[in-house]
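Colleague: Provide a 3D model corresponding to the input given below.
(one chain, ligands or ions: 1)
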Amino acid sequence: MTEAVGDRALCARDLACERDGRVLFAGLGFRLEPGMALQIVGANGAGKSTLIRTLIGTSSDYTGSILWQGVPFPEALPALRASLLYIGHNAGVRRGLSPLENLAWYGASAGDAMSALESVGLYGFEDVLCQQLSAGQNRRVALARLYLPDAPSLWILDEPLAALDVAGVASLEAQMTRHLQRGGSVLLTSHQPVAVAPLQKVDLATFQVPTEALQEQGYGG
Ligand SMILES: Nc1ncnc2c1ncn2[C@@H]1O[C@H](COP(=O)(O)OP(=O)(O)OP(=O)(O)O)[C@@H](O)[C@H]1O
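Modeller: Numbering: from 1, shown residues only. Prediction:
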């Protein structure tokens with residue numbers, strides 16, 4: 001089933017996600033258009049990372065529909081992945097490699113990688129093994145991918161602000177804003193406010209399944 005020609009959105013409709021057979025949320029819907037950001041908020045364990053895994057196609061424990069550019073999952077997954085820059089909770093940094101080598105692994109030229117590392121404040125650390133860097137510096141290595149030229153259009157970022165200092169947060173917010181202004185889109189989770197615009201918020205608390213309903217499913221006390 002193909003939707004309107006020219007649809008460039010990531011769209012979820014009546015989405016319910018499970019983890020180990022337990023429904024985390026249900027009835028969730030959103031539409032993320034180019035040029036917009038969407039922040040998923042929710043308490044620890046609410047299901048933010050589970051939602052993200054569902055949206056990038058690595059978890060299929062869901063009901064409802066997800067569409068990328070008008071095409072439903074799973075048919076849309078190859079096209080979505082071709083447009084996707086995903087940075088997960090564990091950041092995907094190979095700790096036995098240097099920052100420069102990590103970016104080379106993602107296909108960056110040495111010049112582009114150096115420039116991106118400079119943008120995230122890692123000039124001078126480019127050849128240090130990541131296992132010798134701090135948590136915040138490792139997060140910056142991961143985020144340097146967002147500063148490479150020709151970055152994909154859809155950014156899905158799980159807790160990108162975690163471990164960043166105040167200046168690092170401001171720099172990342174500015175880079176996300178530039179990405180939106182270029183027509184890209186950003187879906188992120190964060191426990192803290194994110195200063196990018198335009199920003200929609202989806203609070204998973206709104207879509208939690210009532211305890212009685214979970215008990216009817218045989219979960220909880
Ligand atoms: N490794 C795991 N094995 C089994 N169940 C898990 C595991 N990780 C999470 N869960 C379950 O899935 C639920 C949702 O977890 P998820 O990681 O999606 O939450 P989250 O909103 O991203 O949490 P946080 O803010 O703490 O990162 C949790 O409440 C927990 O019950």
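
Colleague: In contact with Met36: list those residues for me.
Modeller: Contact partners of Met36, counting by Cβ atoms under 8 Å, 6 or more residues apart in numbering, are 180, 185-186, 198-200. Backbone N, C-alpha and C define where each C-beta goes, glycine included.

Colleague: Which neighbouring elements make contact with the longest helix seen in the chain?
Modeller: Identified as the longest helix of the chain according to DSSP state H is helix 166-181. Applying 3 or more Cβ pairs under 8 Å, 6 or more residues apart in numbering; DSSP states H and E, we find helix 166-181 packed against helix 135-143, strand 185-189.

Colleague: Which one of those lies nearest to the ligand?
Modeller: Judged by Cβ to the nearest ligand atom, the one of these that comes nearest to the ligand is strand 185-189, at 6.5 Å.

Colleague: any chance you could map the strands in the protein?
Modeller: For the chain, the strands defined by DSSP state E cover 10-19, 22-32, 37-41, 62-68, 71-72, 84-87, 154-158, 185-189, 199-203.

Colleague: what angle do the longest helix of the chain and strand 199-203 make?
Modeller: Relative orientation of helix 166-181 versus strand 199-203 (axes from the mean of the first three to the mean of the last three Cα atoms, to 10 degrees): 110 degrees.

Colleague: Same question for helix 166-181: list its buried residues.
Modeller: Neighbour counts over helix 166-181 (16 or more other Cβ atoms under 10 Å) mark 168-169, 171-173, 175-177, 179-180 as buried.

Colleague: How about residues contacting it?
Modeller: Contacts to helix 166-181, defined as Cβ under 8 Å, 6+ apart, come from residues 35-37, 119-121, 136, 139-140, 143, 146-147, 151, 155, 160-161, 164, 186, 188, 192, 194-198.

Colleague: cutoff 7 Å now
Modeller: The contact list for helix 166-181, computed with Cβ atoms under 7 Å, 6 or more residues apart in numbering, reads 35-37, 136, 140, 143, 146-147, 155, 160-161, 164, 186, 194-196.

Colleague: ok so, going back, buried deepest among the helices and strands packed on helix 166-181, which one?
Modeller: Between the helices and strands packed on helix 166-181, strand 185-189 has the highest mean count of neighbours, a mean of 24, where neighbours are mean count of other Cβ atoms under 10 Å.

Colleague: Much appreciated, bye for now.
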